[in-house]
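Peer 1: Here you go, sequence then predicted model.
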Amino acid sequence: MITHAFPEVLATPAWVAGTAFGLWIGVYVLLLFGGTVLNLLGLAGNWVMTAGAFVHVLLADPQSRTGTGFGVPLTMLGLALIGEGLEFIAGLLGAGKAGGSRRAMILSMLGGIVGSLFGFSIGNVFIPIVGGVAGVLLVGGLGALAGAVLGETWKGRTFSDSMRVGRSAFTGRILGTLAKTFIGALIFLIGLFSLIV
């Protein structure tokens with residue numbers, strides 16, 4: 001019951017609290033699925049899932065079986081930090097390692113996000129889910145490449161130097177997305193599993 005922390009006079013009837021908690025479980029499951037999709041787009045999906053897990057612990061009745069205790073959200077938090085670290089390393093292996101400017105790295109990141117959104121939309125039109133994932137990786141990588149090339153050209157570098165940075169940004173974007181999505185899949189499974197164990 002949600003109201004276990006409130007004084008008895010203010011307590012909500014059990015059926016109301018049960019219904020509200022049932023709705024929260026539905027919202028939490030949607031947050032888990034949504035976080036997974038956000039990861040594919042290069043956004044903060046792991047943090048959405050982790051925040052949902054912390055809220056879940058605060059709302060859950062200690063007597064219920066629905067994943068109470070801080071062990072699950074703390075595990076998810078640790079994994080989310082690892083995911084950020086892997087994405088950061090992949091970014092360093094991208095435009096930064098090839099000698100790209102800060103402008104190229106920022107435009108590469110923005111291009112990757114826009115490309116991922118576009119690739120997800122277009123890919124799902126052709127082959128649902130699989131096409132969306134392939135679109136995120138390929139078009140997201142191309143967006144990162146285009147952003148890095150634009151940034152370097154803007155700084156006055158030659159096209160061949162800009163392309164070298166762009167190719168590196170392409171590889172870094174794909175590796176970062178794969179690493180973060182893999183970690184996100186673990187977070188998703190932990191969150192979902194905690195509801196049924």
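Peer 2: Noted; the coordinates are in hand. Residues are numbered from 1 along each chain as shown.
Peer 1: contacts, neighbours, all on C-alpha from now
Peer 2: Fine.
Peer 1: Make sure residue 44 is actually in contact with residue 35.
Peer 2: Yes: contact criterion CA atoms under 8 Å: residue 44 and residue 35 qualify, at 7.4 Å.
Peer 1: Show me which of those two is the more surrounded one.
Peer 2: For residue 44 versus residue 35, the count of surrounding residues by other CA atoms under 10 Å is larger for residue 35: 26 against 18.
Peer 1: which residues does that one contact?
Peer 2: 44-49, 184 (CA atoms under 8 Å, 6 or more residues apart in numbering).
Peer 1: Show me the strands in this structure, by range?
Peer 2: Ranges of strands within the chain: none, based on DSSP state E.
Peer 1: where does it have low pLDDT?
Peer 2: Within the chain, the ranges that satisfy pLDDT under 70 run 1-18, 61-68, 197.
Peer 1: Could you chop it up by domain?
Peer 2: 2-80, 84-186 (automatic domain parsing).
Peer 1: how far does the longest one stretch from start to finish?
Peer 2: Going back to what we said before, that points to domain 84-186. 14 Å (CA to CA, to the nearest Å).
Peer 1: Report the distance from it to the chain centre.
Peer 2: Averaging C-alpha positions (CA atoms, centre = their mean, to the nearest Å) puts domain 84-186 15 Å from its chain's average.
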